[in-house]
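>>> Sequence first, predicted model second:
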Amino acid sequence: MSPQVAAILDRSCRDCHSYNTRWPWYSNIAPVSWLVIDDVNHGREDLNLSDWGNYDKSEAANKLRDMCREVRAGVMPLKSYIFIHRGAQLSAEDVKVLCDWTASERAKLTQ
């Protein structure tokens with residue numbers, strides 16, 4: 001993974017899609033905490049970058065395909081996350097970099 005891809009994943013995906021969540025202060029205050037925890041739990045269920053090595057090739061390829069589809073569609077990162085974390089917004093270049101990377105990784109998995 002290139003440093004550019006790693007930086008995008010760290011900035012825009014890690015908080016909800018890994019065990020390396022940076023919990024903000026408001027995640028300790030109910031009822032907001034319930035929403036934040038629910039978003040993180042669902043994010044980890046869909047894709048957990050911390051567990052990447054546990055996915056088989058088919059599952060990893062599907063997750064890579066879905067990652068590109070969702071960032072292209074503007075579904076990820078969640079609008080509610082971007083509202084608070086403005087730096088997580090993906091630019092058109094970020095989306096291109098991620099989708100190019102996911103395509104490259106998927107090709108490696110099918111070899």
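Yep, it's here. Keep in mind the model is a prediction, meaning the values are calculated, not measured.

>>> residue contacts, Lys79?
The contact partners of Lys79, taken as CB atoms under 8 Å, 6 or more residues apart in numbering, number zero. Every residue, glycine included, has its C-beta placed from N, CA and C.

>>> Look at it and report its pLDDT.
pLDDT, Lys79: 94.

>>> Distance of it relative to Asp10?
To Asp10, Lys79 is 20 Å away according to CB to CB, to the nearest Å.

>>> how about the helices in the chain?
Along the chain, counting by DSSP state H, helices occupy 3-12, 32-46, 57-73, 79-84, 92-109.

>>> any chance of those in JSON lines, plus distance to Pro24?
Shown next, in JSON lines, are these (distance: least, CB to CB, whole Å):
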{"stretch": "helix 3-12", "distance to Pro24": "15"}
{"stretch": "helix 32-46", "distance to Pro24": "8"}
{"stretch": "helix 57-73", "distance to Pro24": "22"}
{"stretch": "helix 79-84", "distance to Pro24": "7"}
{"stretch": "helix 92-109", "distance to Pro24": "22"}
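
>>> out of those helices, nearest to Arg22?
With CB to CB as the measure, helix 3-12 is the member of the helices of the chain nearest Arg22 (9.8 Å).

>>> How far off centre is that closest one?
Centroid separation between helix 3-12 and its chain, computed with CA atoms, centre = their mean, to the nearest Å, is 9 Å.

>>> What average pLDDT does it get?
Per-residue scores along helix 3-12 average to 97.

>>> quick one: contacts of it?
Residues lying outside helix 3-12 but in contact with it, judged by CB under 8 Å, 6+ apart, are Met1, Leu49, Met76, Pro77, Gly87, Ala88, Gln89, Leu90, Asp94, Val97, Leu98, Trp101.

>>> Distance of the most centrally placed residue in the chain relative to Met76?
The geometric centre of the chain, computed from its C-alpha atoms, lies nearest to Cys13 (CA atoms, centre = their mean), at 3.2 Å. As defined by CB to CB, Cys13 lies at a distance of 7 Å from Met76.
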